[in-house]
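Participant: Pasting the sequence and the predicted model now:
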Amino acid sequence: MGRIRNSPGVLLFDLDGTLLPVGPDFFIKDYPDAAAPYFAHIIDPDRFKKALFESTFDMVSNTDPEITNSTAFGRSFERKLGRKWTEIWPIFERFYQEEFPKLARLVPESKTSSCVISACISQGWELVLATNPVFPETAIRERMRWCGVEKFPWLFITTLEAMHFCKPHTQYYQEIMDNLELDPERCVMIGNDVQEDMVAAELGMETILVEDYCINRDGRRAVNGDSQYMRGLLKDVPEITGQIIKEIT
């Protein structure tokens, strides 16, 4: 496991709804509403939003290891708009530079995430930002700034450009393991989505469900007392990871 031999292992943190205090409405409504005007000269806003959601679904569904998420999304979006990706992508870039940062106003200010990450680093853990890679790096780093975690020493950040799979596919987690030569049994996935984040357990990882903005599409899998995975609020994570260290030493 290379440079992490002397650490307890690697913590994989989800971003949205875990470190970043936002619910699904941010991505279902706020983000598309902000982006649509940038494309109004080539496509009606409602059609743009429909194409955005459908192309994102096509990208998430892709399991071809030869195709990056960026390529999968771009090919789908090209077909839906009838425009070349070389024409579409610069519009996205302008939006991410000019308008996307303004969406920070919709995110509650909190120091919890930076305090949690600092505490985990002090315990000796290495860090991976394991956000669903449906956004380009520029948009992911912007959201990291919103919750105060952008300056920490992340081993790897999963981005639209770098990854070939999305959550909830286990191949997404395997790609991280392969890229960093990690042993999943020395990794802990920490996220708020039962179906997308807790699936990492299938590779042998420990998992922690963060309940502040918990997403569960099947309530039967996350009832009180369920011991399938560790769980708690974001502020509780250092206590849980500290307990993991005690158990493995």
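Facilitator: Looks like it came in fine. As the structure is a prediction and not an experimental result, all values here were calculated from the model.
Participant: Which secondary structure elements does the least confident helix or strand in the chain by mean pLDDT sit against?
Facilitator: Of all helical and strand segments in the chain, the minimum by mean pLDDT, DSSP states H and E falls on helix 25, at a mean of 92. Helix 25 is packed against no helix or strand, with contacts defined by 3 or more CB pairs under 8 Å, 6 or more residues apart in numbering; DSSP states H and E. Every residue, glycine included, has its C-beta placed from N, CA and C.
Participant: Could you check how far that helix is from the centre of its chain?
Facilitator: With CA atoms, centre = their mean, to the nearest Å as the basis, helix 25 stands 16 Å off its chain's centre.
Participant: How about stretch 80-93?
Facilitator: Distance, centroid of stretch 80-93 to centroid of chain: 24 Å (CA atoms, centre = their mean).
Participant: Return the set of buried residues in it.
Facilitator: K80, L81, W85, I88, F92 (16 or more other CB atoms under 10 Å).
Participant: go on, stretch 161-172?
Facilitator: For stretch 161-172, by 16+ other CB under 10 Å, it's A162, M163, H164, F165, C166, K167, P168, H169, Q171, Y172.
Participant: Likewise for stretch 99-119?
Facilitator: Neighbour-count burial for stretch 99-119 flags F100, L103, S110, T112, S113, S114, V116, I117, A119 (criterion: 16+ other CB under 10 Å).
Participant: Quick check: next helix or strand after the longest helix along the chain?
Facilitator: Ordering each helix of the chain by length in residues (DSSP state H) puts helix 45-61 first. Per DSSP states H and E, the first helix or strand lying C-terminal to helix 45-61 is helix 69-81.
Participant: In three-state terms, label the residue of the chain most remote from its centre for me.
Facilitator: Distance from the C-alpha centroid of the chain peaks at H41, with 30.8 Å (CA atoms, centre = their mean). Here H41 takes the coil state, with states given by DSSP: H, G, I helix; E, B strand; the rest coil.
Participant: Contacts only, for it.
Facilitator: If you count contacts by CB atoms under 8 Å, 6 or more residues apart in numbering, H41 has none.
Participant: can we see that at 10 Å?
Facilitator: Applying CB atoms under 10 Å, 6 or more residues apart in numbering, we find H41 in contact with I91.
Participant: Could you check the pLDDT of it?
Facilitator: pLDDT recorded at H41 is 94.
Participant: any chance you could map the strands in this structure?
Facilitator: For the chain, the strands defined by DSSP state E occupy 10-13, 126-129, 154-157, 187-191, 206-210, 230-232.
Participant: Present those strands as a markdown table; the columns should include mean pLDDT, mean neighbour count and distance to D58.
Facilitator: Output for the strands of the chain, formatted as a markdown table (pLDDT from 0 to 100; neighbours: other CB atoms under 10 Å; distance: least, CB to CB, whole Å):
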| stretch | mean pLDDT | mean neighbour count | distance to D58 |
| --- | --- | --- | --- |
| strand 10-13 | 98 | 27 | 25 |
| strand 126-129 | 98 | 22 | 24 |
| strand 154-157 | 98 | 17 | 23 |
| strand 187-191 | 98 | 26 | 23 |
| strand 206-210 | 97 | 24 | 28 |
| strand 230-232 | 95 | 17 | 32 |
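Participant: can I get those strands in TSV with distance to A200?
Facilitator: Listed next are the strands of the chain as TSV, based on distance: least, CB to CB, whole Å:
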stretch	distance to A200
strand 10-13	7
strand 126-129	11
strand 154-157	15
strand 187-191	4
strand 206-210	6
strand 230-232	12
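Participant: And the ones you listed: which comes nearest E239?
Facilitator: strand 230-232 (7.5 Å; CB to CB).
Participant: dump the residue contacts of S55.
Facilitator: S55 makes contact with A72, F73, G74, R75, S76, F77, E78, R79, K80, L81, V134 under the criterion CB under 10 Å, 6+ apart.
Participant: how near is the fourth one to R47?
Facilitator: Yep, that's R75 we're talking about. In this structure, R75 and R47 are 18 Å apart, going by CB to CB, to the nearest Å.
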